[in-house]
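Novice: Just the structure for this:
(one chain, ligands or ions: 2)
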Amino acid sequence: MIPGLGEFLDKYRNAIYSLLRHYVGLDKPFLLRSELWDEFTRFCEKREHQHLCDSAMARAIGFSQEAVIEAPWVYLAVRPRIARWTYLRFHLDTLDHEEVTTSEFLSFKERVHGGGGNQEWMPEIDLGPFNREFPRLKEPRSIGRGVEFLNRRLSSQLFQEIGKGDKRLLEFLRMHQCQGRQLMLNDRVADVIALGHALHRAEEYLSEQPPEAGWERVGDALQQLGFEPGWGRTVARMREQLSLLTDILEAPAPEPLARLLGEMPMIFNLAIVSPHGFFGQSNVLGLPDTGGQVVYILDQVRALEREIFRRVRDQGLEIEPQILVVTRLIPEAGSTSCDEHLERIAGTRNARILRIPFRADSGEVIPQWLSRFEIWPYLERFALDAEREVLAELKARPDLIIGNYSDGSLVATLLSERLHVTQCNVAHALEKTKYLYADLYWRENEPEYHFSCQFTADLIAMNAADFIITSTYQEIAGTAESVGQYESYGAFTMPGLYRVVNGIDVFDPKFNIVSPGADSDIYFPYTETKRRLPGLHEEIKQLVFGDEDRPDARGRFREIDKPVILTMARLDPIKNISGLVEWYGRSPELREQANLLVIAGHVNIEQSGDREERDQIQRMHRLIDEHGLDGQLRWLGLHLDKHLAGELYRYIAERRGVFVQPALFEAFGLTVVEAMSSGLPTFATRYGGPLEIIQHGQSGFHIDPNHGDRAAEEIADFFYRCKTDPGYWEQISANGLQRIHEHYTWERYASRLLSLSCIYGFWKYVTNLERDEMRRYLEMFYGLAYRKRVETVRNPAVDNQLPTA
Ligand code: UDP
Ligand code: LCN
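Specialist: Numbering: from 1, shown residues only. Ligands and ions are numbered 1, 2, ... in the order given. Model (predicted):
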């Protein structure tokens, strides 16, 4: 509860009464955090209410994420700290107040919403009890560092019982095989005592061998002692690993255990699942539902393959790792390769895209692209087909399955369950926080978005995953002010369907932050002149300054010496590109300082088949007309190939421009990382990933898309300061580069992801991380709720109700 709230309420009953009346008088059943606070400050403007300004009540309102109001009740969902929730209710007449349970809060919300169904008996989804026995983090600051916590907690637990941990570790080391070849230990090591002796003798033997010698020289002797390949390429490395194991057996500690496990030869074959969209290597970006996720996965594959090869080599093995990206085959694929069954991934030795069509129940192949909101009926069959094809293609089980976005994670769940393989999820973007009240008004949204399928799939996949990696902390648990994307699945209701009182626990150690980067061959600093692509400069000059008329462009810069503000994104309302155009149009200062270059969508409305994009195109033209921007703004309705995009960032940087990412919300924001990697000072939305990528005022700037005039002023001030403070632009640019170098690189990503996979694999083996009870519950949820919702996508006439008691 809020300290001091009780006393304050008792003492200032009159003021509290007026405040509650004020809220009730607004005649709005649901208020969000900003509305609650704005009304509170308005209320406090009156002199007689000023004592509320800095009171326990102010804190209670300030911490509230939402209010549900129906006279005489006011219910608040209070979040006093990151990921901590309490629910309060106030009675207008009696001024009583009390804490209520999550379930009571949600059922009041359902009643006020009047959402139909049997509200007396709403199915409650509660995954909390399954985690009762399971270690969970306590401090919000530890969220996202699950593996460190697990190592600490489980290693002490495991080795507490004398002999138990050692035995499990021994069994684990003995079970490794690849392509029929035994790795690490063989049957000669019968028990832990024998392992101790064998280690001792092996270390002694190796200490007399040349440090650079390999398995061919020492293998026979080591095999006699019970060791198999996998300990290292050289004697020096083998000694290091064996000595780590000796230390662990003598005095188990989390850090050496993590080092030993993190480098074990466990991951050679990987399946990365991403069914929706057009997944290809060229001509796909900008097609519906096809954006950063594709860029992320292709870069991820290259980085992982490099890292697996490095590890395999260091481990002294000769194994060809294989990575498959499993996606949908689309027969009507236009100019893309999405109708090809198998496609090699450029820049890799062995990675492929494996495409499998969606099929109707009749077995017929679905020929056309489907929106990500419409794919639910096809996923189960897709998973079964994928299982067969992946096994045939790899000629083995994958060692790790990574699910991407809601659909990929659900398919990964089905595959992992059937193949008994470690499962990792990557969300990219959870839709729930993107759409206001998407859960409460699910029924209204159902025809277009089918959120009931998506949120059910999310709950299943999140809870089934062995571990989840996120790009930022805020993706899991938000900030002091805003709710995290995963956190929003903790408690919510879909009236008439089900009520979730414990959906996902962000304190679960399965969450780990592993941030992506930008391809360093493409996005590198503008100062690295030798690596640059001068051959593209003439084309870029034409694009930016546009001497020629082009059908896909509007506007041409009148004053070409001014620096350029660059923005580039899909023309999706959430990206708010038209918002930036409006701020620019309304700011004479900014227009005075710089030109605006927009790369997004299509200039010609006829070229877009997407309703939301068409609205944006119209809005863009209207704003350009209204503010007379044709001489200061240039809008290119095209998609740049990544080499061109990379060189364009540098071209703009060289001319002392900036990059602006004005989204209303951005889950992560690859363009932000790309621009910063090029040395381009970046202004990006404070809602979502960029809040964490950029340190405001140091390595770039945060802007608030809800206060566009202020954002425009801040950008204008930056240009002004650059004129008066030589070196300022360079300083921000250099800090941005350093930030990326230290935190957002694919090398770091790949190394961490593989270590996590090995460590979670180990803990899954030696403890009950499988959580069988949870798995059974999820199976039931899948069968009874998810499959039923899927029927409604196939056939909207199907009754929307779950059976109620
Ligand atoms: N992109 C591109 N050419 C374009 C527009 C975008 O190569 O004309 C790339 C951009 O460089 C980035 C990705 O598309 O790699 C967009 O990813 P982001 O995470 O910024 O947004 P998303 O589209 O996933 O929401
Ligand atoms: C989806 C998004 O919306 C972006 O914010 C991310 O950068 C992208 O996926 C890659 O994870």
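
Novice: Just give the nearest non-adjacent residue to the residue of the stretch 601-750 of the chain found nearest ligand 1, would you?
Specialist: Ranked by CB to the nearest ligand atom, the top residue of the stretch 601-750 of the chain for proximity to ligand 1 is L670, at 3.4 Å. For the C-beta atoms, the positions are set from N, CA and C on the backbone; glycine is no exception. The shortest distance from L670 to any non-neighbouring residue, by CB to CB, 6 or more residues apart in numbering, is to G292 (4.5 Å).

Novice: didn't that neighbour look like it was pressed against F668?
Specialist: Yes: G292 lies in contact with F668 (CB atoms under 8 Å); the separation is 7.3 Å.

Novice: who touches both of those two?
Specialist: Contact criterion CB atoms under 8 Å, 6 or more residues apart in numbering; residues shared by G292 and F668: H428.

Novice: okay, those two: which has more neighbours?
Specialist: Remark: of G292 and F668, F668 carries more neighbours, 25 against 20, as counted by other CB atoms under 10 Å.

Novice: Who are the contact partners of the more buried one?
Specialist: Here F668 is in contact with G292, H428, A429, S471, T472, E475, S515, P516, G688, G689, I693 (criterion: CB under 8 Å, 6+ apart).

Novice: hang on, the last one packs against R686?
Specialist: No: contact between I693 and R686 fails when scored by CB under 8 Å: they sit 11.1 Å apart.

Novice: These two: which has the busier surroundings?
Specialist: I693 (28 against 20).

Novice: I'd like the contacts of F668 laid out as a markdown table, including secondary structure and distance to ligand 1.
Specialist: Formatted as a markdown table, the contacts of F668 follow (DSSP: H, G, I helix; E, B strand; the rest coil; distance: CB to the nearest ligand atom, whole Å):
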| residue | secondary structure | distance to ligand 1 |
| --- | --- | --- |
| G292 | helix | 2 |
| H428 | coil | 7 |
| A429 | coil | 7 |
| S471 | coil | 9 |
| T472 | coil | 12 |
| E475 | helix | 13 |
| S515 | coil | 12 |
| P516 | coil | 9 |
| G688 | strand | 10 |
| G689 | coil | 8 |
| I693 | helix | 11 |
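
Novice: Buried ones from these, can you make that a PyMOL selection?
Specialist: Under the burial definition 16 or more other CB atoms under 10 Å, those of the contacts of F668 that qualify are selected in PyMOL by:
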select buried, resi 292+428+429+471+472+475+515+516+688+689+693
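
Novice: in the stretch 351-500 of the chain, which segments are predicted with low confidence?
Specialist: Within the stretch 351-500 of the chain, no stretch has pLDDT under 70.

Novice: secondary structure element for V301?
Specialist: V301 belongs to helix 292-314 when assigned by DSSP states H and E.

Novice: what packs against that helix?
Specialist: Applying 3 or more CB pairs under 8 Å, 6 or more residues apart in numbering; DSSP states H and E, one finds that helix 292-314 makes contact with strand 269-273, strand 322-329, strand 400-404, helix 670-677, helix 746-766.

Novice: Buried ones in the first one, by neighbour count?
Specialist: It stands for strand 269-273. For strand 269-273, using 16+ other CB under 10 Å, the buried residues are N269, L270, A271, I272, V273.

Novice: if we can go back for a sec, is it true that the residue of the stretch 601-750 of the chain closest to ligand 1 touches V295?
Specialist: Yes: counting by CB under 8 Å, L670 does reach V295; the two are 5.9 Å apart.

Novice: And those two? Which one has more around it.
Specialist: Taking neighbours as other CB under 10 Å, L670 and V295 compare with L670 leading, 24 against 20.

Novice: Look up how far T86 lies from E35.
Specialist: Going from E35 to T86 by CB to CB, to the nearest Å gives 20 Å.

Novice: Show me which of these two is the more surrounded one.
Specialist: Counting neighbours by other CB under 10 Å for E35 and for T86 shows that T86 has the greater number, 18 against 15.

Novice: what helix or strand does the more buried one sit in?
Specialist: T86 belongs to strand 84-91, assigned by DSSP H and E.

Novice: interface residues of the stretch 351-500 of the chain facing ligand 1?
Specialist: Remark: no part of the stretch 351-500 of the chain is in contact with ligand 1, using CB under 6 Å from any ligand atom.

Novice: Where does the prediction get shaky in the stretch 51-200 of the chain?
Specialist: Checking the stretch 51-200 of the chain against pLDDT under 70 turns up 115-119, 162.

Novice: Where does it get nearest to ligand 1, residue-wise?
Specialist: G144 (19.4 Å).

Novice: I468 is in contact with that residue, correct?
Specialist: No: with contact defined as CB under 8 Å, G144 does not count as touching I468 (9.7 Å).

Novice: Any chance you could list residues touching both of the two?
Specialist: With CB under 8 Å, 6+ apart as the test, G144 and I468 both reach F511, N512.

Novice: domain ranges for the chain?
Specialist: Annotated domains of the chain cover 5-121, 269-516+749-794, 529-744 [the TED database].

Novice: Dump those into JSON lines; add distance to ligand 2 as well.
Specialist: What follows is these, written out as JSON lines (distance: least, CB to the nearest ligand atom, whole Å):
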{"stretch": "domain 5-121", "distance to ligand 2": "21"}
{"stretch": "domain 269-516+749-794", "distance to ligand 2": "3"}
{"stretch": "domain 529-744", "distance to ligand 2": "3"}
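
Novice: how about the ones you listed, which one is nearest V235?
Specialist: domain 269-516+749-794 (9.9 Å; CB to CB).

Novice: what's the span of that closest one from first residue to last?
Specialist: 35 Å (CA to CA, to the nearest Å).

Novice: centre of the chain versus that domain, how much separation?
Specialist: Between the centre of domain 269-516+749-794 and the centre of its chain there are 11 Å (CA atoms, centre = their mean, to the nearest Å).

Novice: Likewise for stretch 122-138?
Specialist: 22 Å.

Novice: Let me know how buried Q731 is, in neighbour terms.
Specialist: Counted with other CB under 10 Å, Q731 comes out at 14.

Novice: do the same with the one 5 residues further on
Specialist: Applying other CB under 10 Å, we find 29 other residues in the vicinity of G736.

Novice: Can you point out the helix or strand that includes it?
Specialist: helix 728-743.

Novice: quick check: angle from that helix to helix 670-677?
Specialist: Going by axes from the mean of the first three to the mean of the last three CA atoms, to 10 degrees, helix 728-743 is angled at 120 degrees with respect to helix 670-677.
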